[in-house]
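Student: predicted coordinates and the sequence they were generated for:
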Amino acid sequence: MGNIFASLHFEYLLGETAVHEIVRDFSSIWNGQKATDMSVKTNDWMNNVNDFYEEMQFPNCIGAMDGKLS
């Protein structure tokens, strides 16, 4: 999202080193998985985003949770 580690450090009350390690670990997981899992689902997700926007007029969102158990 364009934040610097110092900003995230204050936002989440973690050390800058911890934030750096979390971002690095997540990035390596993301880069390893996106080629296998994300390419197939991207079109489905974009369809869900468009459907959700048409129904709820809430952009850039796949869906919502209301906390109800049915």
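Tutor: Done, it's in.
Student: run a quick neighbour tally on the residue nearest to M56 when sequence neighbours are not counted.
Tutor: Using CB to CB, 6 or more residues apart in numbering and skipping the chain neighbours, the partner closest in space to M56 is A64 (7.3 Å). The C-beta positions use only the backbone N, C-alpha and C, and glycine is treated the same way. When neighbours are counted by other CB atoms under 10 Å, A64 registers 8.
Student: start the count at 52 instead of 1 going forward.
Tutor: Yep, numbering from 52; the last one is A115 now.
Student: show me what contacts A115?
Tutor: F103, M107, F109 (CB atoms under 8 Å, 6 or more residues apart in numbering).
Student: report the buried members of these.
Tutor: F103 (16 or more other CB atoms under 10 Å).
Student: nearest to L65, of the contacts of A115?
Tutor: F109 (30.1 Å; CB to CB).
Student: quick one: that closest one and D102 touch, right?
Tutor: No: contact criterion CB atoms under 8 Å: F109 and D102 do not qualify, at 11.4 Å.
Student: mutual contacts of these two, please.
Tutor: Counting by CB under 8 Å, 6+ apart, no residue touches both F109 and D102.
Student: just to revisit the earlier point, just the contacts of A115: which are in helices?
Tutor: If you go by DSSP state H, these have F103, M107 in helices.
Student: in a markdown table: the contacts of A115, plus distance to L65 and pLDDT.
Tutor: What follows is the contacts of A115, written out as a markdown table (distance: CB to CB, whole Å; pLDDT from 0 to 100):
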| residue | distance to L65 | pLDDT |
| --- | --- | --- |
| F103 | 32 | 85 |
| M107 | 34 | 86 |
| F109 | 30 | 84 |
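Student: now distance to G66 too, for the contacts of A115, in TSV please.
Tutor: Formatted as TSV, the contacts of A115 follow (distance: CB to CB, whole Å):
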residue	distance to G66
F103	37
M107	39
F109	35
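Student: pick out whichever of the contacts of A115 sits closest to V70.
Tutor: Closest to V70, out of all of the contacts of A115 and judged by CB to CB, is F109, at 29.3 Å.
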